[in-house]
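Peer 1: Provide a 3D model corresponding to the input given below.
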Amino acid sequence: MIARDASLRWVLLAASGEQRVDPAPATISSERLDACRRGDRGALDEVFRAHAAAIERLLSRVVGPRADVEDLLQETFAAAIEAFPRFRGEASVKTWLHRIALNVAHKHLRHPRHRRDVPLEDVHEAEAPMVAAQWGLAARLYVHLDTLDARKRIAFVLHVVGELPIAEIAALTGASKAATKSRIFWARRALLKRLERDPAFQGEPR
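Peer 2: Here you go, the predicted structure:
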């Protein structure tokens, strides 16, 4: 039975196909940020290109590696364009964009249409572009994640997959540290209860 966060992280990373960590985005000058606030398309494109890979990876981790991740990325950038005139630099551009992306992901996860209606017994055949056992396991795990409250799921994935500390998750999601800890605890508990009843997750190392 998968019970340790390290095992869950391995399965979820298999779903996203992550093989490496992208290099840190280049620093954006204050002049370019001012241009972004004015709506300069060239400056906006420069910022978005610098952060696109990291935001796409974040969205893929949270909602799962599906075709709509690209749509969510575009929605994130559209929301950022609208909000840039109000950006005052209290946080880094990266943190600010990641907050917007998580808000977009949260709204997406709360919508019933995102839920997978694929039966668990058929998930490997239905969602396996790669013929690899870990992909089928990861797809099944995302089906179980779909049953969690969106806020709990996001906090859990950021902590387990992203390996972010509680304080950083709280800052990104606008929650208190206590609320963040509680969300992670209850998400883990609910998920593991479901995995205990799924034969595909029996026999995994603890």
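
Peer 1: least trustworthy helix or strand in this protein by mean pLDDT?
Peer 2: Every helix and strand in the chain was compared by mean pLDDT, DSSP states H and E; the lowest is helix 123-126, with a mean of 46.

Peer 1: can you give me the buried ones in whatever helix or strand comes next after that helix?
Peer 2: Downstream of helix 123-126, the next assigned helix or strand under DSSP states H and E is helix 133-145. Neighbour-count burial for helix 133-145 flags 135-145 (criterion: 16 or more other Cβ atoms under 10 Å). Glycine gets a C-beta too; all of them are placed from N, C-alpha and C.

Peer 1: with stretch 154-171 instead?
Peer 2: If you call a residue buried by 16+ other Cβ under 10 Å, then stretch 154-171 has these buried ones: 154-162, 164, 166, 169-171.

Peer 1: equivalent analysis for stretch 64-79, please.
Peer 2: 64-66, 69, 72-73, 75-77, 79.

Peer 1: nearest to K193 among those?
Peer 2: Minimum distance to K193 across these is 20.2 Å, recorded for G64 (Cβ to Cβ).

Peer 1: follow-up on the earlier one: for the buried residues of stretch 64-79, give me CSV that also has secondary structure and pLDDT.
Peer 2: Output for those, formatted as CSV (DSSP: H, G, I helix; E, B strand; the rest coil; pLDDT from 0 to 100):
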residue, secondary structure, pLDDT
G64, coil, 85
P65, coil, 70
R66, coil, 68
V69, helix, 90
L72, helix, 95
L73, helix, 95
E75, helix, 97
T76, helix, 97
F77, helix, 96
A79, helix, 97
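
Peer 1: thank you kindly, that will do.
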